[in-house]
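Colleague: Generate coordinates for the sequence data below:
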Amino acid sequence: MSDFQGMEELLQDFLVEASDLLSDVDNKLVDLERAPRDRALLNEIFRGFHTIKGGAGFLNATELVTLCHLTENLFDKLRTGELEVTAETMDVIMDATGAVRTMFGALENGAMPTAAPVRLIENLKRALAGQLVESSPAVTQEAATQREVAREFMQNPPPLTAVAMKEGGSEPDWKALLGAITGVTPETETGVVEQTPALAVISAAPPDSAPGALGRRAADKPGNEGAPGRRETERGRDNSIRVDTTRLDQVLNLSGEIGLTRNRLASLRRDILGGARDGDTLHALDEAVSQLDLLVSDLQSAVMKTRMQPIGRLFQKYPRIARDLARNLGKDVDLVLLGEETEIDKTMIEDLSDPIIHLIRNAVDHGIEPTVDRLACGKSGKSQVRLEARQEGDHVVIVIADDGRGMDVEKLRAKAVEKGLISHEEANTMDERQSFNLIFLPGFSMKSEVSSVSGRGVGMDVVRTNIQRLNGSIEINSVVGKGTTIVISLPLTLAILPVLLVRVSDQPFAVPLSMVREILNIEPQRLQEVSGCATMIVRGEVLPVILLTDLLGWPQAGTPEYGVLMQVADSSFILAIDSFSGRDDAVIKSLDDFRPKGVAGITTMSNGQIVLILDIKELLGDPGDHRGAPRSSLVLELAEAA
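Modeller: Numbering: from 1, shown residues only. Sure, this is the predicted structure:
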């Protein structure tokens, strides 16, 4: 039972507005780290927490009110100059926003939020009293010295006999080993060494009892097995949408005009049924039908625009994610957002969230070098990751670029061979583009160790799969020492899909036009046979010929006359068909209750006939399972037809 019975509508309104406010606060906090004396920013963040606190008060969410009140008080002192913004203060504030988001998750489930962690409340109170401990230069120097000692220890380890053994000699004395590395002798049973932030701390306490590290989410802790991605509270799909009232007014006006045109058509229908067949009546009918066609097209366009949302609403969550990860990895990364006003279909915004999160985390973790390495290469210590969106024709292009180390194609090929993903022969024949695309293979990773951020070899494979599911494409460009650029191209909307209408056995099917490169005539003299499979050479490229009837599991009744050159991911092939009917813009209707394999949805042709929209990738499955018809049988059929 919900804790908010009778207040569901108020709760939903609060969550929508408060979530946007909190995302905006997160972004402003990242900006505040760069400009800690910006009073305007401090005032805006203060107002954000104040507004969230007010809404929570209406819902009687006492614990959320308490947390926001403490954070609001802290910002009040920061904006009046009583306290200064420090790194330690920012860590506490970031922890507070994370706790607020966790409370939002409880509210979404209809439960009253529980109290914030005791340590967080204590840290906020210490921050209010100006009692947060800052890292002194002496501590920083000591940490640097300890890192040098540890590095020397790793390069020239002492013999095992030099390490103290516990009684019984079953294992090393870990406390003594820590002292040998750091030069600090632990004095407590927990083994906690104070003022050694650069080193891992040995603790006898259970892992679950360890307090959360400031400035990071639990999913970012080393050793955490949770898959990187969206926060738990963000994983539910938001079915609401914000629409500019101007667009709704346009839809209303067009609906009114369509109503008037309908009345005109009804009047003309009565006249014609009454025997009026003169030229003026038929001319008026033609004008009314043309007017209706124009109005329906405009209405369709206006309705589609109501689904379009600024991509900035998606981008606004990423600065915080990049900041948290960079801080955990000890890197100085600046995420630059461009083209936030670019509009894209609301449903695509939801599905793009996880892939872009992974690409940003990948850029920060893999692409950006440690600060020391950047300085050694003559680069700036502060690195930059650029997230940009722009519209090009009927597509939206999203760019994720970094100025990091770049990718070495030789190392990529060597790692793929080492992991058994490709053979030496395949590696030797790969060009640069194919080598970059190796990172999309399941199981591929350049990391030798698995962490909560990377190393499992599944992330980029999932990214490409999700992008292709949106009828998009993804390309990689990289220069060693300069950085990597990933370009995602997507259609503006998924509600209308440009398709090519093809026919086999007199049955029409639709295939996505984005996969079609060209249409060819299938001629006997152009068919070759490679390993028992019919192939054609197109501009020097040997491509397999696959019968659409084979993919559908139908018998081939006639002779295929045409071939559609298709591009699916990195694979190209020729889809053999009987004929084609041309291009169309299909309004997709999904099959939620029953969806046969290889069918993405249905659409209706102008004559009312229902057409299946094929999911070519799903039909192909493993390309090795569809070798195509042998050339001999295909040539024989063509010869008989001739």
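
Colleague: lowest-confidence helix or strand of the protein?
Modeller: Lowest on mean pLDDT, DSSP states H and E among the helices and strands of the chain sits helix 137-155, with a mean of 43.

Colleague: any idea what sits nearest residue 424, other than its immediate chain neighbours?
Modeller: residue 417 (5.9 Å; C-beta to C-beta, 6 or more residues apart in numbering). To be clear about C-beta, it is placed using only N, CA and C from the backbone, and glycine gets the same treatment.

Colleague: And for residue 132?
Modeller: residue 88 (4.4 Å).

Colleague: ok, the closest residue to residue 472 other than its chain neighbours - how many residues close by?
Modeller: If the residues on either side of it in the chain are set aside, residue 472 comes closest to residue 490, at 3.9 Å by C-beta to C-beta, 6+ apart. Counted by other C-beta atoms under 10 Å, the residues lying close to residue 490 total 23.

Colleague: my guess is residue 490 is in a helix, correct?
Modeller: No: the assignment for residue 490 is strand, going by DSSP: H, G, I helix; E, B strand; the rest coil, so no helix is present there.

Colleague: Ramachandran coordinates for the residue nearest to residue 132?
Modeller: Note on residue 88: backbone dihedrals following degrees, to the nearest 10 are phi -70, psi -40.

Colleague: Likewise for the one 10 residues further on?
Modeller: Main-chain torsions, residue 98, degrees, to the nearest 10: phi -60, psi -40.

Colleague: From residue 428, how far off is it?
Modeller: Per C-beta to C-beta, to the nearest Å, residue 98 is found 49 Å from residue 428.

Colleague: Repeat that for residue 119.
Modeller: 56 Å.

Colleague: What ranges does the stretch 1-150 of the chain have for its helices?
Modeller: When secondary structure is read from DSSP state H, counting those that start in this stretch, the stretch 1-150 of the chain shows helices at 8-34, 39-58, 62-79, 87-108, 118-128, 137-155.

Colleague: Output these in JSON lines, with mean neighbour count appended to each entry.
Modeller: Output for the helices of the stretch 1-150 of the chain, formatted as JSON lines (neighbours: other C-beta atoms under 10 Å):
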{"stretch": "helix 8-34", "mean neighbour count": "17"}
{"stretch": "helix 39-58", "mean neighbour count": "18"}
{"stretch": "helix 62-79", "mean neighbour count": "21"}
{"stretch": "helix 87-108", "mean neighbour count": "21"}
{"stretch": "helix 118-128", "mean neighbour count": "17"}
{"stretch": "helix 137-155", "mean neighbour count": "13"}
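
Colleague: Which of those helices sits closest to residue 538?
Modeller: Closest approach to residue 538 among the helices of the stretch 1-150 of the chain is made by helix 8-34 (48.6 Å; C-beta to C-beta).

Colleague: same for the closest one, what does it pack against?
Modeller: helix 39-58, helix 87-108, helix 318-329 (3 or more C-beta pairs under 8 Å, 6 or more residues apart in numbering; DSSP states H and E).

Colleague: tell me which strands and helices the last one is in contact with?
Modeller: For helix 318-329, the packing partners by 3+ C-beta pairs under 8 Å, 6+ apart come out as helix 8-34, helix 87-108, strand 333-338, helix 346-362.

Colleague: Residue 384: which of these is closest?
Modeller: strand 333-338 (5.1 Å).

Colleague: Paired strands for the closest one, with orientation please.
Modeller: Neighbouring strands of strand 333-338 in its sheet, by DSSP bridges, are strand 383-392 (parallel).

Colleague: Tell me the buried residues in the strand it pairs with?
Modeller: By 16 or more other C-beta atoms under 10 Å, the buried positions in strand 383-392 come out as 383-389.

Colleague: That strand - what's its average pLDDT?
Modeller: For strand 383-392, mean pLDDT rounds to 92.

Colleague: How far does that strand sit from its chain's centre?
Modeller: Distance, stretch centre to chain centre, for strand 383-392: 14 Å (C-alpha atoms, centre = their mean, to the nearest Å).

Colleague: distance of residue 582 from residue 347?
Modeller: Residue 582 is 27 Å from residue 347, by C-beta to C-beta.

Colleague: I should have written residue 268 there, sorry.
Modeller: For residue 268, the distance to residue 347 - C-beta to C-beta - is 40 Å.

Colleague: Which one's more surrounded, the two?
Modeller: Taking other C-beta under 10 Å, residue 268 and residue 347 do not tie; residue 268 has more neighbours (19 against 16).

Colleague: is it true that the more buried one touches residue 281?
Modeller: Yes: counting by C-beta atoms under 8 Å, residue 281 is a contact partner of residue 268 at 6.6 Å.

Colleague: pLDDT weak spots in the stretch 451-600 of the chain?
Modeller: Under the criterion pLDDT under 70, the flagged ranges of the stretch 451-600 of the chain are 451-458, 557-558, 569-570, 592-593.

Colleague: now the helices for it?
Modeller: Using DSSP H, counting those that start in this stretch, helices in the stretch 451-600 of the chain cover 459-469, 548-552.

Colleague: nearest to residue 567, of the ones you listed?
Modeller: Per C-beta to C-beta, nearest to residue 567 of the helices of the stretch 451-600 of the chain: helix 459-469, 11.2 Å.

Colleague: ok, residues contacting the closest one?
Modeller: If you take C-beta atoms under 8 Å, 6 or more residues apart in numbering as the criterion, helix 459-469 is touched by 228, 351-352, 354-355, 358-359, 362, 439-442, 444, 473-474, 488, 490, 569, 617.

Colleague: Narrow the residues you listed to those that are buried.
Modeller: 228, 351-352, 354-355, 358-359, 362, 439-441, 444, 473-474, 488, 490, 569, 617.

Colleague: From residue 132, how far off is residue 358?
Modeller: 34 Å.

Colleague: make that residue 296, sorry
Modeller: 64 Å.

Colleague: who's more crowded, these two?
Modeller: Each of residue 296 and residue 132 has its neighbours counted (other C-beta under 10 Å); residue 132 has more, 18 against 13.

Colleague: Now name the helix or strand holding the closest residue to residue 380 other than its chain neighbours.
Modeller: Using C-beta to C-beta, 6+ apart and skipping the chain neighbours, the partner closest in space to residue 380 is residue 374 (6.9 Å). Counting by DSSP states H and E, the element that carries residue 374 is helix 371-376.

Colleague: Would you mark the buried spots in that helix?
Modeller: Buried, per 16+ other C-beta under 10 Å, within helix 371-376: 371, 374.

Colleague: average pLDDT across it?
Modeller: 89.

Colleague: hey, C-alpha coordinates of it in PDB?
Modeller: What follows is helix 371-376, C-alpha atoms only, in PDB (Å, rounded to 0.1, in the frame of the first residue of the first chain):
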ATOM      1  CA  THR A 371      47.500  13.800 -15.400                       C
ATOM      2  CA  VAL A 372      51.200  12.800 -15.000                       C
ATOM      3  CA  ASP A 373      51.200  11.100 -18.400                       C
ATOM      4  CA  ARG A 374      49.500  14.100 -20.100                       C
ATOM      5  CA  LEU A 375      52.000  16.500 -18.700                       C
ATOM      6  CA  ALA A 376      54.900  14.200 -19.800                       C
END
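
Colleague: what comes into contact with that helix?
Modeller: 330-332, 368, 380-381, 383, 405.

Colleague: Would you write a ChimeraX line that selects the buried entries of these?
Modeller: Command for ChimeraX, covering only those of the contacts of helix 371-376 found buried under the criterion 16+ other C-beta under 10 Å:
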select :331,368,383,405
